[in-house]
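J.: Okay, here's the prediction I keep looking at, along with the sequence it came from:
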Amino acid sequence: MKKVVAIILLIISFFILYFIQSNFFTWFTIAGIQPNLLVILVLFIGLFAGKKIGLILGIIFGFYIDVIIGRQIGISGIMLGIIGILGEYLDKNFSKESRVTIMLMMAGSTIIYEVGCYIFNLITLEMNLEILSFLKILVIEVIYNLILVIILYPFIQKMGHILEETFKAKNILTRYF
């Protein structure tokens with residue numbers, strides 16, 4: 001029952017973050033570029049809830065984004081699903097207690113997401129390859145996401161530990177009840 005409530009709260013937080021990103025951050029852009037709060041959320045889910053939940057919610061969130069604003073359905077779903085899986089692997093290999101580690105994970109996840117979406121769009125939409133403008137957008141978005149992770153780090157840690165207790169709790173039964 002706790003897992004169902006946690007998943008419902010994660011879905012509600014997705015809609016809140018989507019609303020904030022599509023309404024609030026349109027006023028606060030850096031060179032016309034917004035942060036990607038959904039990459040932060042899906043990495044957070046993958047790190048603290050596990051790869052199954054991260055993959056499933058990443059795909060669902062991505063498909064929702066693609067249906068609402070995307071030119072191609074499926075690209076964001078695939079890339080956010082990959083970020084959800086990546087969160088579990090980063091959790092096993094690195095510590096989540098360090099702010100620097102979380103920042104590096106976020107920078108890498110943002111780069112993977114944006115490069116993957118750009119490559120898919122190049123292949124499927126037959127766009128022109130514009131490396132310099134893409135790199136400018138990528139660097140600004142990574143910096144913007146890093147600033148938000150620095151600001152939200154205490155909240156991420158607190159909510160992450162709650163998620164971790166809910167989804168990754170070790171229920172060990174001993175011989176003596």
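T.: Structure received.
J.: which residues are contacting stretch 64-76?
T.: Stretch 64-76 is contacted by residues 14, 18, 38, 61-63, 77, 80, 116-117, 120-121, 124-125 when judged by CB atoms under 8 Å, 6 or more residues apart in numbering. For glycine as for every other residue, the C-beta is placed from the backbone atoms N, C-alpha and C.
J.: Excluding sequence neighbours, find me the nearest residue to N121.
T.: M127 (5.6 Å; CB to CB, 6 or more residues apart in numbering).
J.: How about the secondary structure of that neighbour?
T.: With DSSP: H, G, I helix; E, B strand; the rest coil as the basis, M127 sits in coil.
J.: Repeat that for S95.
T.: coil.
J.: Just the pLDDT for the nearest residue to it once chain neighbours are set aside.
T.: Distances taken as CB to CB, 6+ apart put T101 closest to S95, at 5.7 Å, once the chain neighbours are dropped. Note on T101: pLDDT of 90.
J.: Of the contacts of stretch 64-76, just say which sits nearest to S133.
T.: N121 (13.2 Å; CB to CB).
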